[in-house]
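K.L.:
take this sequence and fold it.
(one chain, ligands or ions: 1)
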Amino acid sequence: MHVQYRGRRCHFRTVDFDPARNAVVLIDQRLLPHRFRRIRIPDHRATAVAIRDMVVRGAGAIGATAAYGLAQGAREFAGDDLAAFREHLARVYETLAGARPTAVDPVNAMRQVLRAMETGATVAEQQRLALEAARRFADEDVAHCEAIGRHGAPLIREGVRVLTHCNAGWLAFVDVGSATAPLYTAWAEGRRFEVFCDETRPRCQGASLTAWELAQEGIPHQVIADNAAGHLMQRGEIDLVITGSDRVLGRTGEVANKIGTYTKAVLAARHGIPFYVAIPLSTIDWDLADGRSIPIEERSPEEVLSAWGAIEGGRGRRLRLGRVRIANPTSTARNPGFDVTPPELITGIITPAGIFRPEELWAHRAELGGPADG
Ligand code: MRU
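P.N.:
Numbering: from 1, shown residues only. All right, here's what the predicted structure looks like:
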(Lines give C-alpha, C1' and ligand atoms only; values in the text may rest on other atoms or scores of the structure.)
Protein backbone atom coordinates (compact mmCIF):
# COMPACT_ATOMS: atom_id res chain seq x y z
CA MET A 1 0.00 0.00 0.00
CA HIS A 2 1.11 3.53 -0.64
CA VAL A 3 0.66 6.09 2.09
CA GLN A 4 1.54 9.78 2.26
CA TYR A 5 3.76 9.65 5.33
CA ARG A 6 5.83 12.57 6.62
CA GLY A 7 5.46 14.25 3.23
CA ARG A 8 6.63 11.21 1.23
CA ARG A 9 4.82 8.44 -0.61
CA CYS A 10 5.86 5.30 1.26
CA HIS A 11 5.06 1.61 0.83
CA PHE A 12 3.89 -0.36 3.87
CA ARG A 13 2.38 -3.74 4.55
CA THR A 14 -0.60 -3.82 6.91
CA VAL A 15 0.99 -6.71 8.84
CA ASP A 16 4.70 -7.42 9.18
CA PHE A 17 7.15 -9.09 11.55
CA ASP A 18 10.31 -7.89 13.28
CA PRO A 19 12.37 -11.06 13.95
CA ALA A 20 15.01 -9.25 16.03
CA ARG A 21 12.38 -8.22 18.58
CA ASN A 22 10.06 -11.18 17.96
CA ALA A 23 7.32 -8.60 17.42
CA VAL A 24 4.33 -8.42 15.09
CA VAL A 25 4.29 -5.01 13.40
CA LEU A 26 0.84 -3.52 12.74
CA ILE A 27 -0.70 -0.29 11.52
CA ASP A 28 -2.96 0.83 14.36
CA GLN A 29 -6.25 0.93 12.43
CA ARG A 30 -8.17 2.37 15.38
CA LEU A 31 -6.44 5.70 14.75
CA LEU A 32 -7.11 5.93 11.01
CA PRO A 33 -7.79 8.09 9.09
CA HIS A 34 -6.73 10.69 11.66
CA ARG A 35 -3.29 9.34 12.57
CA PHE A 36 -0.97 6.89 10.86
CA ARG A 37 1.00 4.91 13.41
CA ARG A 38 2.78 1.54 13.22
CA ILE A 39 3.19 -0.38 16.44
CA ARG A 40 5.21 -3.41 17.56
CA ILE A 41 3.25 -6.07 19.43
CA PRO A 42 5.67 -7.72 21.88
CA ASP A 43 4.16 -11.18 22.56
CA HIS A 44 1.47 -13.58 21.33
CA ARG A 45 -1.01 -12.64 24.08
CA ALA A 46 -0.78 -8.99 23.12
CA THR A 47 -1.15 -10.04 19.47
CA ALA A 48 -4.43 -11.81 20.32
CA VAL A 49 -5.61 -8.67 22.13
CA ALA A 50 -4.67 -6.55 19.08
CA ILE A 51 -6.87 -8.80 16.92
CA ARG A 52 -9.73 -8.74 19.44
CA ASP A 53 -9.59 -4.96 19.92
CA MET A 54 -9.31 -4.37 16.16
CA VAL A 55 -5.92 -2.68 16.13
CA VAL A 56 -5.77 -4.95 13.08
CA ARG A 57 -8.95 -6.18 11.41
CA GLY A 58 -10.15 -7.65 8.14
CA ALA A 59 -10.07 -11.35 7.33
CA GLY A 60 -6.71 -11.61 5.51
CA ALA A 61 -4.96 -9.20 7.86
CA ILE A 62 -6.04 -11.07 10.98
CA GLY A 63 -5.10 -14.32 9.21
CA ALA A 64 -1.55 -13.08 8.66
CA THR A 65 -1.44 -11.62 12.18
CA ALA A 66 -2.50 -14.97 13.65
CA ALA A 67 0.13 -16.78 11.53
CA TYR A 68 2.85 -14.41 12.77
CA GLY A 69 1.38 -14.59 16.29
CA LEU A 70 1.73 -18.37 16.26
CA ALA A 71 5.34 -18.09 15.08
CA GLN A 72 5.91 -15.41 17.72
CA GLY A 73 4.46 -17.67 20.42
CA ALA A 74 6.58 -20.60 19.17
CA ARG A 75 9.70 -18.41 19.39
CA GLU A 76 8.82 -17.37 22.96
CA PHE A 77 9.41 -20.98 24.10
CA ALA A 78 12.79 -21.62 25.76
CA GLY A 79 14.26 -25.11 25.94
CA ASP A 80 14.29 -28.23 23.79
CA ASP A 81 11.53 -30.40 25.29
CA LEU A 82 9.33 -31.18 22.27
CA ALA A 83 6.33 -32.41 24.29
CA ALA A 84 6.29 -29.24 26.42
CA PHE A 85 6.73 -27.17 23.26
CA ARG A 86 3.65 -28.81 21.67
CA GLU A 87 1.56 -28.09 24.78
CA HIS A 88 2.74 -24.48 24.75
CA LEU A 89 1.90 -24.22 21.05
CA ALA A 90 -1.62 -25.58 21.58
CA ARG A 91 -2.22 -22.82 24.17
CA VAL A 92 -0.87 -20.15 21.80
CA TYR A 93 -3.15 -21.47 19.03
CA GLU A 94 -6.24 -21.36 21.27
CA THR A 95 -5.46 -17.83 22.47
CA LEU A 96 -5.15 -16.54 18.90
CA ALA A 97 -8.03 -18.56 17.43
CA GLY A 98 -10.43 -17.28 20.09
CA ALA A 99 -9.73 -13.60 19.44
CA ARG A 100 -12.32 -13.17 16.65
CA PRO A 101 -14.60 -16.06 15.76
CA THR A 102 -16.30 -15.26 12.43
CA ALA A 103 -13.36 -14.99 10.01
CA VAL A 104 -11.94 -18.39 9.09
CA ASP A 105 -8.64 -16.98 7.79
CA PRO A 106 -6.83 -17.04 11.19
CA VAL A 107 -7.61 -20.73 11.64
CA ASN A 108 -6.66 -21.58 8.03
CA ALA A 109 -3.46 -19.53 8.38
CA MET A 110 -2.42 -21.17 11.66
CA ARG A 111 -3.19 -24.66 10.31
CA GLN A 112 -0.84 -23.88 7.41
CA VAL A 113 1.90 -22.86 9.88
CA LEU A 114 1.37 -25.98 12.02
CA ARG A 115 1.57 -28.25 8.95
CA ALA A 116 4.85 -26.63 7.90
CA MET A 117 6.30 -27.18 11.39
CA GLU A 118 5.65 -30.93 11.26
CA THR A 119 8.89 -31.58 9.33
CA GLY A 120 11.05 -30.01 12.05
CA ALA A 121 12.81 -32.54 14.29
CA THR A 122 13.77 -30.11 17.07
CA VAL A 123 12.19 -27.14 18.83
CA ALA A 124 14.66 -24.78 17.16
CA GLU A 125 13.88 -26.17 13.70
CA GLN A 126 10.15 -25.92 14.30
CA GLN A 127 10.52 -22.32 15.48
CA ARG A 128 12.38 -21.47 12.27
CA LEU A 129 9.80 -23.29 10.11
CA ALA A 130 6.96 -21.48 11.88
CA LEU A 131 8.29 -18.05 10.98
CA GLU A 132 9.04 -19.12 7.40
CA ALA A 133 5.49 -20.45 7.03
CA ALA A 134 3.95 -17.29 8.49
CA ARG A 135 5.96 -15.20 6.01
CA ARG A 136 4.81 -17.48 3.20
CA PHE A 137 1.18 -17.03 4.25
CA ALA A 138 1.62 -13.24 4.21
CA ASP A 139 3.27 -13.30 0.76
CA GLU A 140 0.57 -15.63 -0.54
CA ASP A 141 -2.10 -13.26 0.76
CA VAL A 142 -0.58 -10.47 -1.36
CA ALA A 143 -0.27 -12.75 -4.41
CA HIS A 144 -3.91 -13.87 -4.04
CA CYS A 145 -5.11 -10.28 -3.87
CA GLU A 146 -3.10 -9.38 -6.98
CA ALA A 147 -4.68 -12.32 -8.84
CA ILE A 148 -8.15 -11.20 -7.67
CA GLY A 149 -7.29 -7.82 -9.19
CA ARG A 150 -6.43 -9.41 -12.55
CA HIS A 151 -9.60 -11.52 -12.68
CA GLY A 152 -11.91 -8.81 -11.38
CA ALA A 153 -10.60 -5.78 -13.30
CA PRO A 154 -12.64 -6.47 -16.49
CA LEU A 155 -15.80 -5.93 -14.38
CA ILE A 156 -14.73 -2.33 -13.78
CA ARG A 157 -15.71 -0.66 -17.03
CA GLU A 158 -15.08 2.98 -17.86
CA GLY A 159 -17.47 5.22 -15.90
CA VAL A 160 -18.91 2.46 -13.70
CA ARG A 161 -20.28 3.37 -10.26
CA VAL A 162 -19.32 0.77 -7.68
CA LEU A 163 -20.68 0.26 -4.18
CA THR A 164 -18.53 -1.41 -1.54
CA HIS A 165 -19.27 -2.24 2.07
CA CYS A 166 -17.00 -2.06 5.11
CA ASN A 167 -13.29 -2.35 4.28
CA ALA A 168 -12.00 -5.20 2.17
CA GLY A 169 -9.05 -3.12 1.02
CA TRP A 170 -5.33 -3.32 1.68
CA LEU A 171 -5.95 -2.61 5.37
CA ALA A 172 -8.01 -5.81 5.56
CA PHE A 173 -5.16 -7.83 4.02
CA VAL A 174 -1.38 -7.76 4.00
CA ASP A 175 -1.57 -5.52 0.92
CA VAL A 176 -3.77 -4.72 -2.14
CA GLY A 177 -7.10 -5.92 -0.70
CA SER A 178 -9.80 -8.20 -2.12
CA ALA A 179 -12.85 -6.06 -3.04
CA THR A 180 -10.54 -3.15 -3.87
CA ALA A 181 -8.08 -5.21 -5.97
CA PRO A 182 -10.17 -5.01 -9.19
CA LEU A 183 -10.55 -1.27 -8.58
CA TYR A 184 -6.82 -0.70 -8.15
CA THR A 185 -5.98 -2.81 -11.23
CA ALA A 186 -8.60 -1.08 -13.41
CA TRP A 187 -7.35 2.31 -12.20
CA ALA A 188 -3.76 1.37 -13.06
CA GLU A 189 -5.00 0.29 -16.52
CA GLY A 190 -6.34 3.81 -17.04
CA ARG A 191 -10.08 3.34 -16.57
CA ARG A 192 -11.91 6.00 -14.58
CA PHE A 193 -14.89 5.26 -12.32
CA GLU A 194 -16.48 6.22 -9.02
CA VAL A 195 -16.86 4.38 -5.75
CA PHE A 196 -19.55 4.67 -3.08
CA CYS A 197 -18.26 3.62 0.35
CA ASP A 198 -20.97 2.45 2.71
CA GLU A 199 -20.29 4.16 6.01
CA THR A 200 -20.69 0.73 7.75
CA ARG A 201 -21.97 1.45 11.23
CA PRO A 202 -21.22 0.80 13.96
CA ARG A 203 -17.42 0.98 13.53
CA CYS A 204 -17.54 2.87 10.22
CA GLN A 205 -14.76 0.99 8.43
CA GLY A 206 -16.16 2.23 5.10
CA ALA A 207 -16.14 5.91 6.05
CA SER A 208 -12.79 5.78 7.84
CA LEU A 209 -10.69 3.06 6.20
CA THR A 210 -11.96 2.45 2.65
CA ALA A 211 -12.41 6.16 2.03
CA TRP A 212 -8.87 6.80 3.35
CA GLU A 213 -7.37 4.08 1.14
CA LEU A 214 -9.13 5.34 -1.98
CA ALA A 215 -8.04 8.89 -1.17
CA GLN A 216 -4.41 7.70 -0.89
CA GLU A 217 -4.75 6.28 -4.44
CA GLY A 218 -6.58 9.34 -5.80
CA ILE A 219 -9.70 7.33 -6.74
CA PRO A 220 -12.93 9.40 -6.75
CA HIS A 221 -15.30 8.22 -4.05
CA GLN A 222 -18.13 9.32 -1.81
CA VAL A 223 -19.08 8.04 1.61
CA ILE A 224 -22.78 7.25 1.92
CA ALA A 225 -24.88 6.54 4.98
CA ASP A 226 -25.71 2.84 5.22
CA ASN A 227 -29.35 3.60 4.53
CA ALA A 228 -28.69 5.47 1.27
CA ALA A 229 -27.78 2.57 -1.04
CA GLY A 230 -31.40 1.53 -1.77
CA HIS A 231 -32.30 5.02 -2.88
CA LEU A 232 -29.24 5.30 -5.13
CA MET A 233 -29.93 1.89 -6.66
CA GLN A 234 -33.55 2.83 -7.34
CA ARG A 235 -32.36 5.99 -9.14
CA GLY A 236 -29.90 4.01 -11.30
CA GLU A 237 -26.81 5.49 -9.65
CA ILE A 238 -25.09 2.21 -8.70
CA ASP A 239 -23.98 -0.26 -11.41
CA LEU A 240 -22.09 -2.89 -9.43
CA VAL A 241 -21.48 -4.04 -5.86
CA ILE A 242 -18.21 -5.67 -4.69
CA THR A 243 -17.61 -6.73 -1.10
CA GLY A 244 -15.13 -8.95 0.68
CA SER A 245 -15.95 -11.79 3.03
CA ASP A 246 -14.83 -13.25 6.35
CA ARG A 247 -15.91 -16.79 5.54
CA VAL A 248 -17.30 -18.37 2.37
CA LEU A 249 -18.69 -21.87 2.69
CA GLY A 250 -17.10 -23.99 -0.03
CA ARG A 251 -19.94 -26.51 0.16
CA THR A 252 -22.88 -24.09 -0.16
CA GLY A 253 -21.56 -20.76 -1.45
CA GLU A 254 -22.94 -18.85 1.57
CA VAL A 255 -21.00 -15.69 2.40
CA ALA A 256 -20.42 -14.25 5.88
CA ASN A 257 -19.42 -10.62 5.81
CA LYS A 258 -19.77 -7.38 7.76
CA ILE A 259 -23.26 -6.74 9.08
CA GLY A 260 -25.34 -5.03 6.39
CA THR A 261 -23.90 -7.01 3.48
CA TYR A 262 -27.02 -9.19 3.28
CA THR A 263 -29.23 -6.08 3.13
CA LYS A 264 -27.17 -4.73 0.20
CA ALA A 265 -27.35 -8.08 -1.60
CA VAL A 266 -31.16 -8.12 -1.28
CA LEU A 267 -31.33 -4.56 -2.60
CA ALA A 268 -28.97 -5.35 -5.49
CA ALA A 269 -31.07 -8.39 -6.49
CA ARG A 270 -34.25 -6.27 -6.35
CA HIS A 271 -32.66 -3.79 -8.79
CA GLY A 272 -30.88 -6.30 -11.05
CA ILE A 273 -27.44 -5.02 -10.03
CA PRO A 274 -24.53 -7.54 -10.14
CA PHE A 275 -23.24 -8.40 -6.67
CA TYR A 276 -19.70 -9.81 -6.43
CA VAL A 277 -17.68 -11.07 -3.48
CA ALA A 278 -13.86 -11.08 -3.68
CA ILE A 279 -11.82 -13.52 -1.56
CA PRO A 280 -8.39 -15.13 -1.24
CA LEU A 281 -8.35 -18.91 -0.80
CA SER A 282 -7.79 -18.60 2.96
CA THR A 283 -11.36 -17.28 3.31
CA ILE A 284 -12.96 -20.52 2.13
CA ASP A 285 -14.29 -22.85 4.82
CA TRP A 286 -14.50 -26.35 3.32
CA ASP A 287 -15.86 -27.96 6.51
CA LEU A 288 -19.10 -26.22 7.51
CA ALA A 289 -22.18 -27.42 5.66
CA ASP A 290 -24.61 -24.70 6.68
CA GLY A 291 -24.39 -20.91 7.03
CA ARG A 292 -26.36 -21.04 10.27
CA SER A 293 -23.38 -22.79 11.88
CA ILE A 294 -21.05 -19.83 11.19
CA PRO A 295 -20.18 -18.27 14.55
CA ILE A 296 -21.38 -14.66 14.40
CA GLU A 297 -19.37 -12.36 16.62
CA GLU A 298 -21.45 -10.28 19.04
CA ARG A 299 -19.54 -7.12 19.86
CA SER A 300 -19.92 -4.58 22.64
CA PRO A 301 -23.25 -2.65 22.72
CA GLU A 302 -21.11 0.48 23.25
CA GLU A 303 -20.21 0.44 19.55
CA VAL A 304 -23.88 0.91 18.64
CA LEU A 305 -24.81 3.27 21.45
CA SER A 306 -21.98 5.65 20.62
CA ALA A 307 -19.67 6.70 17.80
CA TRP A 308 -15.89 6.83 17.78
CA GLY A 309 -13.96 9.51 15.93
CA ALA A 310 -11.97 12.73 15.97
CA ILE A 311 -13.40 15.62 17.91
CA GLU A 312 -12.66 19.00 16.40
CA GLY A 313 -11.68 22.12 18.31
CA GLY A 314 -9.47 20.54 20.96
CA ARG A 315 -6.75 22.57 22.67
CA GLY A 316 -4.18 23.84 20.17
CA ARG A 317 -6.65 22.85 17.39
CA ARG A 318 -5.26 19.29 17.56
CA LEU A 319 -7.81 16.61 16.74
CA ARG A 320 -8.76 14.70 19.85
CA LEU A 321 -9.85 11.08 19.34
CA GLY A 322 -12.77 9.97 21.41
CA ARG A 323 -16.20 8.43 21.79
CA VAL A 324 -19.43 10.40 21.57
CA ARG A 325 -22.59 9.02 23.08
CA ILE A 326 -25.53 8.95 20.60
CA ALA A 327 -28.22 6.71 22.08
CA ASN A 328 -30.55 7.27 24.98
CA PRO A 329 -28.40 6.61 28.09
CA THR A 330 -30.74 4.04 29.65
CA SER A 331 -31.07 1.95 26.45
CA THR A 332 -29.13 -1.20 25.65
CA ALA A 333 -28.14 -2.45 22.20
CA ARG A 334 -27.60 -5.58 20.17
CA ASN A 335 -24.44 -5.68 18.04
CA PRO A 336 -24.00 -8.70 15.73
CA GLY A 337 -20.84 -8.01 13.72
CA PHE A 338 -21.61 -10.10 10.63
CA ASP A 339 -24.42 -11.56 8.55
CA VAL A 340 -24.71 -14.39 6.03
CA THR A 341 -25.76 -13.83 2.40
CA PRO A 342 -27.25 -16.82 0.56
CA PRO A 343 -25.71 -17.88 -2.78
CA GLU A 344 -28.74 -17.00 -4.91
CA LEU A 345 -28.13 -13.29 -4.21
CA ILE A 346 -24.49 -13.45 -5.36
CA THR A 347 -23.52 -13.04 -9.02
CA GLY A 348 -19.99 -14.33 -8.62
CA ILE A 349 -17.11 -15.01 -6.25
CA ILE A 350 -13.89 -13.44 -7.47
CA THR A 351 -11.03 -15.72 -6.39
CA PRO A 352 -7.32 -15.89 -7.28
CA ALA A 353 -8.26 -18.79 -9.61
CA GLY A 354 -11.01 -16.94 -11.49
CA ILE A 355 -14.66 -15.95 -11.00
CA PHE A 356 -17.13 -18.67 -10.02
CA ARG A 357 -20.82 -18.82 -9.24
CA PRO A 358 -21.08 -19.48 -5.47
CA GLU A 359 -22.70 -22.88 -6.09
CA GLU A 360 -19.73 -23.89 -8.29
CA LEU A 361 -17.06 -23.60 -5.58
CA TRP A 362 -17.35 -27.20 -4.45
CA ALA A 363 -17.03 -28.55 -8.01
CA HIS A 364 -13.88 -26.41 -8.43
CA ARG A 365 -12.38 -27.34 -5.05
CA ALA A 366 -9.21 -28.82 -6.59
CA GLU A 367 -8.28 -25.41 -8.13
CA LEU A 368 -9.36 -23.60 -4.96
CA GLY A 369 -7.27 -25.54 -2.46
CA GLY A 370 -10.18 -27.63 -1.16
CA PRO A 371 -10.24 -31.21 0.11
CA ALA A 372 -9.69 -34.12 -2.26
CA ASP A 373 -12.99 -35.76 -1.28
CA GLY A 374 -16.18 -34.74 0.50
O1 MRU B 1 -14.92 -6.41 11.65
P2 MRU B 1 -13.93 -6.29 10.54
O3 MRU B 1 -13.59 -4.88 10.19
O4 MRU B 1 -12.72 -7.16 10.74
O5 MRU B 1 -14.72 -6.91 9.33
C6 MRU B 1 -14.18 -6.97 8.04
C7 MRU B 1 -15.24 -7.22 7.06
O8 MRU B 1 -16.24 -7.84 7.32
C9 MRU B 1 -15.03 -6.66 5.73
O10 MRU B 1 -16.27 -6.31 5.21
C11 MRU B 1 -14.41 -7.55 4.74
O12 MRU B 1 -15.21 -7.70 3.63
C13 MRU B 1 -14.03 -8.87 5.13
S14 MRU B 1 -12.39 -8.77 5.48
C15 MRU B 1 -11.69 -8.78 3.94
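
K.L.:
where do the strands sit along the stretch 1-150 of the chain?
P.N.:
Taking DSSP state E, counting those that start in this stretch to define them, one finds strands in the stretch 1-150 of the chain at 2-5, 8-11, 15-18, 23-27, 38-41.

K.L.:
number of nearby residues for residue 262?
P.N.:
By the other CB atoms under 10 Å criterion, the neighbourhood of residue 262 contains 18 residues. C-betas here are computed from N, CA, C, even on glycine.

K.L.:
assign it to helix, strand or coil.
P.N.:
When the structure is reduced to helix, strand and coil (DSSP: H, G, I helix; E, B strand; the rest coil), residue 262 reads as helix.

K.L.:
and residue 357, which of the strands of the stretch 1-150 of the chain is closest to it?
P.N.:
The closest approach between residue 357 and any of these, judged by CB to CB, belongs to strand 15-18 at 31.4 Å.

K.L.:
how is the protein partitioned into domains?
P.N.:
Domain assignment for the chain, taken from automatic domain parsing, gives 2-146, 149-297+335-360.

K.L.:
now render the ones you listed as JSON lines, adding mean pLDDT.
P.N.:
What follows is those, written out as JSON lines (pLDDT from 0 to 100):
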{"stretch": "domain 2-146", "mean pLDDT": "97"}
{"stretch": "domain 149-297+335-360", "mean pLDDT": "98"}
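
K.L.:
what's the closest of those domains to residue 311?
P.N.:
domain 2-146 (10.1 Å).

K.L.:
how long is the closest one from one end to the other?
P.N.:
15 Å (CA to CA, to the nearest Å).

K.L.:
write out the residues of this protein neighbouring the ligand.
P.N.:
For the chain, the contact set with the ligand under CB under 6 Å from any ligand atom comprises 57-60, 165-168, 172, 178, 205, 243-246, 257-258, 337.

K.L.:
state the phi and psi torsions of residue 297.
P.N.:
When quoted as degrees, to the nearest 10, the phi and psi of residue 297 stand at phi -70, psi 130.

K.L.:
now it. Nearest residue, chain neighbours left out?
P.N.:
Ranked by CB to CB, 6 or more residues apart in numbering and with sequence neighbours excluded, the top spatial neighbour of residue 297 is residue 337, at 4.1 Å.

K.L.:
is it correct that the one you found is in contact with residue 102?
P.N.:
Yes - using CB atoms under 8 Å, residue 337 makes contact with residue 102 at a distance of 6.5 Å.

K.L.:
anything in contact with each of those two?
P.N.:
296, 297 (CB atoms under 8 Å, 6 or more residues apart in numbering).

K.L.:
if we can go back for a sec, now distance to residue 308 too, for the domains of the chain, in JSON lines please.
P.N.:
Supplementary listing: the domains of the chain in JSON lines, determined by distance: least, CB to CB, whole Å:
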{"stretch": "domain 2-146", "distance to residue 308": "8"}
{"stretch": "domain 149-297+335-360", "distance to residue 308": "7"}
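
K.L.:
now the end-to-end length of stretch 340-348.
P.N.:
Chord length of stretch 340-348, first to last residue, is 15 Å (CA to CA).

K.L.:
grab the longest helix from this protein for me.
P.N.:
Looking only at the chain and at elements set by DSSP state H, the helix with the highest residue count is helix 123-152.

K.L.:
show me where the protein has helices.
P.N.:
Under the criterion DSSP H, the chain contains helices at 44-52, 59-76, 82-97, 105-117, 123-152, 181-188, 205, 211-217, 229-234, 261-270, 302-305.

K.L.:
check contacts around residue 14.
P.N.:
Remark: with contacts taken as CB under 8 Å, 6+ apart, residue 14 is in contact with 1, 26-27, 56, 58, 61, 64, 170-175.

K.L.:
before we move on, back to that, residue 344: which of the strands of the stretch 1-150 of the chain is closest?
P.N.:
Closest of those to residue 344 is strand 15-18, at 34.5 Å (criterion: CB to CB).
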